[in-house]
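J.: coords below, sequence missing:
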């Protein structure tokens, strides 16, 4: 019991410690820009989680977090099954392309239309997720390298699609036609991007938790993730589980792209993704590959990016890349947890030492 | 029929070799790391850092030191050297983190790649007030060196010379590494670690020394490759300048079975794919994106092929 609480405390302490260290190092960069770090972080936080103004920054952050929650969830499935697939970016982009294309090409009753578009995007994302999985399982290709290639392929296909087949007009910007208003996914507060997609994302988070921890399929998934060979002795074939899980993972990332088109952009343009899918990877890593962690970290990361852009850059003229620097620093300190973990353990023991003596009495 | 051949003129070959150079350097470093059992996925980020420090250091040496004011070209060489040192330091940091603290190199690499992308743009904005691209007229490009007697060789001469120092260094490195790996004691130690880390340890080889060397070495090469992009090929820095070349280098190393000559030729091949894609774009109506897709798809196909062979070999070994 004692041990258990210690592990749990540390799994919360380590990200917290990484966040603090990240903030400290990032402060040096804020100094370089000639601003006081204290006021910078104040602006960052109010730009991220403030509840003032016509559209609350907090709601915009929740809207921005929606695709991150989903791509984070997608990456989580991949990590849980023991495959380090980082192709969520590509799946996200392909989901978006599918939505932008079918959203214009089909002519169905609105409700059915939305369902068909979402389902098609999920299938496309899923199939794109199957590629690295199949290459890994059947041929032994390193999934990290194949994912990277698949991401750049998706980026190029996007450029091609918006420049030629999906292009709406010969205007300056390469972009597709605006979707019919009837199939837009509703937003709760106009201009906040916070809408029905967020509810769907949270629902999927809950379902994912139940699936992974409360069903036999989920048990197989975790077993394969811990050790493929061990799972085999337990009568679970690793290969089909990996393929299924990565299909599922791709579906979620594809859905994320699709809902961004239907609920937010309403059309697709060059540079549409800006690394959003890739951020999902960080979300899953920082969230300790747990659905709850994914939600918290996704909202936090979306807030940092949002606060850096709308708060820092506009109000204090600190470049918005600072948000990215902070996120990267936090990942760095999470990766380097072994360096300071012993100190945290000592600290924990020190705080709990007197209590322990009492227990013995 | 022969119109197709006009694609392969001297210009295309020259530009392909230039495009291949950063990939060659990345691949040689990646191959060394793979041999040493330390998967280095941060080459792309270190290349970007090298590109940035290379041009900033050049700017500094050129304008704020006596040497640079008197000899502009020397300032550029010093810039390249700085980029190499910084790349090496990052490699050292990786090695230290991994060997001393057992830090996961893949996650570390993700952090460094992201950090490189964001910090370089951040610093470009803060230091030079530029958002997308930065350049300064005082910076002199790394000069091309034409060796007279090589240029005089019929047919081959024209594409064997006329490049800057880094291109020649990458070739020399490929040769030196090939010899080192098979003919020297340290080279054989690296080979042994590449075959089986545990066995190498048991045989008394210092695996740590090999891993330190590999990560620092690949960092130095990535730094040099980065400075090739910013002060060797052009004289500017742009956001995300490495643009995945480090990753292509990783792929090329695997494609070349992690041997020095193998990675060298694989990287050269990728450079040629790029060069020909550029050329095709100029002389045909194919959308550029489709041409740019080819090297990516080719990488996956080749990786599938290479990995499958390795898997079969592994199966054979376990059956024996």
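T.: Everything's here; your move. For clarity, every value in this text was computed on a predicted model and none was experimentally measured.
J.: Up against chain B, what does the stretch 101-250 of chain A have?
T.: When proximity is defined by Cβ under 8 Å from any Cβ of the partner chain, the stretch 101-250 of chain A lies next to chain B at A:135, A:139-142, A:144-146, A:148-150, A:152-153, A:156-157, A:159-160, A:163-164. For the C-beta atoms, the positions are set from N, CA and C on the backbone; glycine is no exception.
J.: All the strands of chain A, residue numbers only.
T.: In chain A, no segments count as strands under DSSP state E.
J.: Which one of the residues in it is closest to chain B?
T.: Proximity of chain A to chain B (Cβ to the nearest Cβ) peaks at residue A:324, 3.3 Å away.
J.: From residue B:199, how far off is that residue?
T.: 43 Å (Cβ to Cβ, to the nearest Å).
J.: before we move on, what about residue B:257?
T.: Applying Cβ to Cβ to residue B:257 and residue B:199 gives a distance of 19 Å.
J.: Show me which of the two is the more surrounded one.
T.: Set side by side, residue B:257 and residue B:199 show more neighbours around residue B:257, with 15 against 11, by other Cβ atoms under 10 Å in any protein chain shown.
J.: which SS class is the more buried one?
T.: Per DSSP: H, G, I helix; E, B strand; the rest coil, the secondary structure class of residue B:257 is coil.
J.: For the nearest residue to it once chain neighbours are set aside, give me its contacts.
T.: Distances taken as Cβ to Cβ, 6 or more residues apart in numbering or on different chains put residue B:306 closest to residue B:257, at 7.2 Å, once the chain neighbours are dropped. By Cβ atoms under 8 Å, 6 or more residues apart in numbering or on different chains, the contact list for residue B:306 reads B:254, B:255, B:257.
J.: Mind pulling up the pLDDT for the closest residue to the second one other than its chain neighbours?
T.: Translated: residue B:255. Closest residue to residue B:255 apart from its sequence neighbours, by Cβ to Cβ, 6+ apart: residue B:266 at 4.1 Å. Note on residue B:266: pLDDT of 89.
J.: Strands along the stretch 101-250 of chain B, start to end?
T.: Assigned by DSSP state E, counting those that start in this stretch, the strands in the stretch 101-250 of chain B fall at B:133-134, B:144-145, B:163-164, B:237-238.
J.: between those, which gets nearest to chain A?
T.: Among those, strand B:133-134 sits nearest to chain A (Cβ to the nearest Cβ), with 13.0 Å.
J.: Does that closest one reach chain A?
T.: No - if you take Cβ under 8 Å from any Cβ as the test, strand B:133-134 misses chain A, and the best it gets is 13.0 Å.
J.: where does chain B dip in pLDDT?
T.: Chain B contains residues with pLDDT under 70 at B:1-8, B:285, B:288, B:291, B:320.
J.: Now find how far off-centre stretch A:295-305 is within its chain.
T.: Centroid displacement of stretch A:295-305 relative to its chain, using Cα atoms, centre = their mean, to the nearest Å, is 9 Å.
J.: quick one on the thing from earlier: switch the contacts of residue B:306 over to CSV; also include distance to residue B:14.
T.: As requested, the contacts of residue B:306 are arranged in CSV below (distance: Cβ to Cβ, whole Å):
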residue, distance to residue B:14
B:254, 27
B:255, 23
B:257, 28
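J.: all helices for the stretch 1-150 of chain B, in order.
T.: Secondary structure of the stretch 1-150 of chain B by DSSP state H, counting those that start in this stretch: the helices cover B:10-35, B:43-64, B:66-70, B:72-101, B:105-128, B:148-151.
J.: Out of these, the one nearest residue A:63 is which?
T.: helix B:105-128 (22.5 Å; Cβ to Cβ).
J.: other SSEs contacting that closest one?
T.: Helices and strands touching helix B:105-128, by 3 or more Cβ pairs under 8 Å, 6 or more residues apart in numbering or on different chains; DSSP states H and E, are helix A:2-32, helix A:276-286, helix A:321-335, helix B:43-64, helix B:72-101.
J.: now these as CSV including distance to residue B:230 and mean neighbour count?
T.: Below are these laid out as CSV (distance: least, Cβ to Cβ, whole Å; neighbours: other Cβ atoms under 10 Å in any protein chain shown):
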stretch, distance to residue B:230, mean neighbour count
helix A:2-32, 21, 15
helix A:276-286, 24, 27
helix A:321-335, 18, 25
helix B:43-64, 4, 27
helix B:72-101, 8, 21
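J.: Those helices: which one's closest to residue B:154?
T.: Short answer: helix B:72-101, nearest of the helices and strands packed on helix B:105-128 by Cβ to Cβ, at 30.9 Å.
J.: check whether the closest one contacts chain A.
T.: Yes - counting by Cβ under 8 Å from any Cβ, chain A has neighbours in helix B:72-101: B:97, B:101.
J.: between that helix and helix A:321-335, how many degrees?
T.: 40 degrees (axes from the mean of the first three to the mean of the last three Cα atoms, to 10 degrees).
J.: between helix B:72-101 and helix B:105-128, how big is the angle?
T.: Using the same axes, to 10 degrees, helix B:72-101 lies at 140 degrees relative to helix B:105-128.
J.: Check the offset of helix B:72-101 from the chain's centre.
T.: 14 Å.
J.: what packs against that helix?
T.: Checking 3+ Cβ pairs under 8 Å, 6+ apart, helix B:72-101 ends up next to helix A:337-360, helix B:43-64, helix B:66-70, helix B:105-128, helix B:165-183, helix B:207-227.
J.: Walking through the stretch 151-300 of chain A, point out its helices one by one.
T.: A:196-214, A:216-226, A:228-233, A:238-260, A:276-286, A:291-306.
J.: Any idea how many residues pack against residue 179?
T.: Assuming you mean chain A. 21.
J.: meant chain B, my bad for not saying
T.: For residue B:179, using other Cβ under 10 Å, the count is 11.
J.: which one is it nearest to, not counting chain neighbours?
T.: Nearest to residue B:179 is residue B:187, by Cβ to Cβ, 6+ apart, at 8.0 Å.
J.: Distance check, that neighbour against residue B:32.
T.: For residue B:187 relative to residue B:32 (Cβ to Cβ), the value is 10 Å.
J.: Could you give the residue of chain B that lies closest to chain A?
T.: For chain B, Cβ to the nearest Cβ, closest residue to chain A: residue B:118, 3.3 Å.
J.: For the residue nearest to that residue when sequence neighbours are not counted, which residues are in contact?
T.: In this structure, residue B:118 finds its nearest non-sequential neighbour in residue A:324, 3.3 Å apart by Cβ to Cβ, 6+ apart. Residues in contact with residue A:324 (Cβ under 8 Å, 6+ apart) are A:305, A:308, B:114, B:117, B:118, B:122.
J.: ok, now with 10 Å
T.: Counting by Cβ atoms under 10 Å, 6 or more residues apart in numbering or on different chains, residue A:324 touches A:275, A:279, A:301, A:304-305, A:308, B:114-115, B:117-119, B:121-122.
J.: Which pLDDT value belongs to residue A:225?
T.: 88.
J.: Please disregard the earlier target; I meant residue A:357.
T.: For residue A:357, pLDDT reads 51.
J.: Would you agree residue A:175 is in contact with residue A:158?
T.: No - Residue A:175 lies out of contact with residue A:158 (Cβ atoms under 10 Å); the separation is 11.2 Å.
J.: So for these two, which residues contact both of them?
T.: A:100, A:166, A:268, A:269, A:270, A:272.
J.: Now for the residues you listed: which two are most distant?
T.: A:100 and A:270 (12.2 Å).
J.: Neighbour count for these two, which is higher?
T.: residue A:100 (31 against 14).
J.: surely the more buried one meets residue A:167?
T.: No - the criterion here is Cβ under 10 Å, and residue A:100 misses it with residue A:167 at 11.1 Å.
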